[in-house]
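Visitor: what's the 3D shape of this:
(one chain, ligands or ions: 1)
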Amino acid sequence: MGTVTLINNETGQSFDFDLIDCTRGPKAVNFSKLFENAGIFSYDPGYGSTAGCESTISYIDGKKGELLYRGIPIEQLVEKYKFTDICQFLISDSLPKNDEESKKFDLELRHRSFLHEKLKRVFDVFPDNAHSMATLSAIVSVLATLYANHKDMDDEDDYQTMARRIIAKTPTMVAFCYRNSVGAPFIEPDVSKSYVENFFYMLRGYPHSRWKYGLDGEQEITPLEIEALDKILTLHADHGQNASTTTVRNVASTGVHPYAAISSGINALWGPAHGGANEKVLAQLHEIGDVKNVDKFIERAKDKNDSFRLMGFGHRVYKSYDPRAKTLKKLKDELDKKGIRMDAHLSEIAQKVEEVALSDSYFLERGLYPNVDFYSGIILTALKIPRELFTPIFVMGRMPGWCAQLIEHDKNPYARITRPRQVYLGK
Ligand code: ACO
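Guide: Next comes the predicted model:
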């Protein structure tokens, strides 16, 4: 095993620390005994050089622009598997071996998709137009009160149940958050429908309608729409120790109910620097308004005296093209050709923003490329999904990842409560 020697130039003392061989990517220095042995601690705001856990779930190569779920590139998974297969893969570390296994898991999710009657009444307290992320986080917290036996969850099976239950209920909760915010009646899940079709149905449906989804047939759910949203969810399923996943792990480290930890993750995801960027990207494309204004906005993004940032650009880990953005861009063009019409005006502005930014030294030198949020909003709009649901849809996609991370955290005998130090500069 390699080591790293740290020399304190103030005292002349030196300390050796073990290097950890990661199965992929650079080595890590084990600094867990830094304070105990050397009496000093590390300072790393934003944790850009710090790992808080060991994980086997997803791997990102920021230079190559590569993302793997349990060792398999996302481009392969998105082509070959349904989102529910990916959920099973992430939480149990095994892809369905055959169609029967895939259907069994899918069926279990359909049957678990209903919400407790008491939970449905909680929606009443939220005001009209409440943002669905705020409602969703609160509703997930309430979920913890309905399945409160988490202290009995000593074995893996109970965490599996916890994961399957919340994955199954998330589309229902998201659809209900939206319908509640616009005063529309809830549409109960339909067990004859698949995971994604059910979500569209609960979002667009009319209760007891003789017409399937809408009065004029316009709201019909097409297989192409289902396939598109399914792929979008898969692309969002896990992504290393990002801000919301770290939040889920940190909160879980206190021993709290897993749904309380997930509720905190939802709040962390809401921010515009993280999952909330998908909603902001679309607002920004509208604000730019015309391809002729793109140069002006790019100049603003570069101006350090202007707080304007190009939304959907930049990433802590990717310093080249985010592979999820690449896949989404391809999906957008394919869907457009197959008949799901993208907003041509917005697509043109987005394309121009990308072209101008990627030929500008400011963006190239800083490794600022389109991230997952840059194209997802244009596709979701073409799928007739309201803008305020873009981030809740990110939650639907990320739920299996959060659950897998919680299961991994729970199994780790060395996991400790998260308790960083501070560089104290006060009186
Ligand atoms: N527009 C303009 N400049 C940017 C942008 C941007 N979108 N992103 C980063 N920069 C610049 C910074 O000003 C900084 O410049 P400097 O070195 O001259 O000071 C440099 O690039 C590095 O930026 P940091 O903020 O230090 O990078 P960090 O890794 O902390 O932040 C983040 C990453 C939050 C994603 C950032 O790029 C950003 O705000 N992007 C826009 C919001 C966004 O799209 N978020 C979604 C990310 S993907 C996800 O979470 C699902």
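
Visitor: can you tell me which helix or strand of the protein has the lowest average pLDDT?
Guide: Every helix and strand of the chain was ranked by mean pLDDT, DSSP states H and E. The lowest is helix 156-181, at a mean of 92.

Visitor: what bridges to the residue nearest to Tyr59 when sequence neighbours are not counted?
Guide: Of all residues not flanking Tyr59 in the chain, Leu68 sits nearest, at 4.6 Å (Cβ to Cβ, 6 or more residues apart in numbering). C-betas here are computed from N, CA, C, even on glycine. Beta-bridge partners for Leu68, by DSSP bridges, are Tyr59, Pro73.

Visitor: for Leu68, list the residues it contacts.
Guide: 24, 58-60, 74 (Cβ atoms under 8 Å, 6 or more residues apart in numbering).

Visitor: contacting residues around stretch 176-192?
Guide: Outside stretch 176-192, the residues within contact range by Cβ under 8 Å, 6+ apart are 110-111, 113-115, 120, 123-124, 126, 128-132, 135-136, 139, 171-172, 175, 198, 201-203, 205-207, 386, 388-389, 392.

Visitor: tell me if I'm right that Tyr362 and Lys304 touch.
Guide: No. Distance between Tyr362 and Lys304: 10.5 Å, which falls outside the contact criterion (Cβ atoms under 8 Å).

Visitor: okay, the two: which has more neighbours?
Guide: More crowded of Tyr362 and Lys304, by other Cβ atoms under 10 Å: Tyr362, with 13 against 5.

Visitor: just the element for that one, please.
Guide: Tyr362 is part of helix 361-365 when elements are defined by DSSP states H and E.

Visitor: any idea of the pLDDT on the residue in the stretch 301-427 of the chain that the ligand sits nearest to?
Guide: Closest approach between the stretch 301-427 of the chain and the ligand, counting by Cβ to the nearest ligand atom: Gly314, at 2.3 Å. For Gly314, the model assigns a pLDDT of 96.

Visitor: who's the closest spatial neighbour of it, skipping the chain neighbours?
Guide: Using Cβ to Cβ, 6+ apart and skipping residues adjacent in sequence, the residue nearest Gly314 is Leu368, 4.4 Å away.

Visitor: now the residue of the stretch 51-200 of the chain found nearest the ligand, nearest residue through space, not along the chain?
Guide: When distances are taken as Cβ to the nearest ligand atom, the stretch 51-200 of the chain reaches nearest to the ligand at Gly62, 10.4 Å away. Leaving out its chain neighbours, the residue that sits closest to Gly62 by Cβ to Cβ, 6+ apart is Val317, at 4.1 Å.

Visitor: point out the residues in the stretch 101-250 of the chain that sit beside the ligand.
Guide: Asn242 (Cβ under 6 Å from any ligand atom).

Visitor: which residue does the stretch 101-250 of the chain have closest to the ligand?
Guide: For the stretch 101-250 of the chain, Cβ to the nearest ligand atom, closest residue to the ligand: Asn242, 6.0 Å.
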